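In: sequence and predicted structure, then a few things I'm wondering about:
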Amino acid sequence: NAGVTQTPKFQVLKTGQSMTLQCAQDMNHNSMYWYRQDPGMGLRLIYYSASEGTTDKGEVPNGYNVSRLNKREFSLRLESAAPSQTSVYFCASSVCTGEGYCGNQPQHFGDGTRLSIL
Amino acid sequence: AQTVTQSQPEMSVQEAETVTLSCTYDTSESDYYLFWYKQPPSRQMILVIRQEAYKQQNATENRFSVNFQKAAKSFSLKISDSQLGDAAMYFCAYRSADSNYQLIWGAGTKLIIKP
């Protein structure tokens, strides 16, 4: 009963390094999301994937790239990490139709990745 | 653009008592969905309760219920018989029926349960 699995759980990077955060869901959801959570703020959407093969920018996409590898997996890449990207990153998934209708379906979240950039 | 405001950064309640967390939102839309999520220290976001704007009846889930006031754009969460396990950050979120992907989040309320 894994749900949404994120790896790694913690990571420390130096400025300028790159890394990829991995996310996989086993609920057969077609929509997936990447958020960041900063102190005193709600979650902010970085990128989302409405369905396999599509990705779109969210509220704060600068400095990030994503790949929807298949229906299960959605990765987030930092090409050149900056201290401003220090945050907790959450992956989520939900059930939506192919036309993008989610109705009252909630998003299901992973445990998050705490990323520190020095 | 829609916004969600949680005006209480922190709330505390005695175990077994009732507490209400407030949430207001700003929108010009008539069709939308509202959610309350709980984030315990383990960090995972867990759905507590959801409400469809077209439903007049307030949603309930065991000890959790909402007071949805559409005209006032208010969506408060009431927790009855508070338990130590209820201690967490609580986030209110809004999703437009037209913009089906993006959830708009409040900044959260930290709930402390006093034994």
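Out: Yes, it's here.
In: excluding chain neighbours, what is closest to residue B:97?
Out: Excluding the flanking residues, the one nearest residue B:97 by Cβ to Cβ, 6 or more residues apart in numbering or on different chains is residue B:31, at 3.9 Å. C-beta coordinates here come from the backbone N, C-alpha and C atoms, glycine included.
In: which residues touch the one you found?
Out: Residues counted as contacts of residue B:31 (Cβ atoms under 8 Å, 6 or more residues apart in numbering or on different chains) are B:53, B:54, B:96, B:97, B:98.
In: ok, now how distant is the fourth one from residue A:62?
Out: Here residue B:97 is placed at a distance of 28 Å from residue A:62 (Cβ to Cβ, to the nearest Å).
In: neighbour-wise, which of these two wins?
Out: Counted by other Cβ atoms under 10 Å in any protein chain shown, residue B:97 and residue A:62 do not tie: residue B:97 has more neighbours, with 17 against 9.
In: confirm for me that the more buried one is in contact with residue B:27.
Out: No: taking contacts as Cβ atoms under 8 Å, residue B:97 lies outside contact range of residue B:27: 10.6 Å.
In: so which residue of chain B lies furthest out from the middle?
Out: residue B:115 (23.1 Å; Cα atoms, centre = their mean).
In: where along chain A do the strands fall?
Out: For chain A, the strands defined by DSSP state E occupy A:4-7, A:10-13, A:19-25, A:31-37, A:44-49, A:56-57, A:64-68, A:74-78, A:87-94, A:108-109, A:113-117.
In: quick check: closest non-adjacent residue to the residue of chain A found nearest chain B.
Out: Nearest to chain B, among the residues of chain A, is residue A:42, at 2.8 Å (Cβ to the nearest Cβ). Nearest in space to residue A:42, with sequence neighbours left out and distances taken as Cβ to Cβ, 6+ apart, is residue B:105 at 2.8 Å.
In: per-residue pLDDT, that neighbour?
Out: pLDDT, residue B:105: 93.
In: roughly how far apart are it and residue A:37?
Out: Separation of residue B:105 from residue A:37 (Cβ to Cβ): 9 Å.
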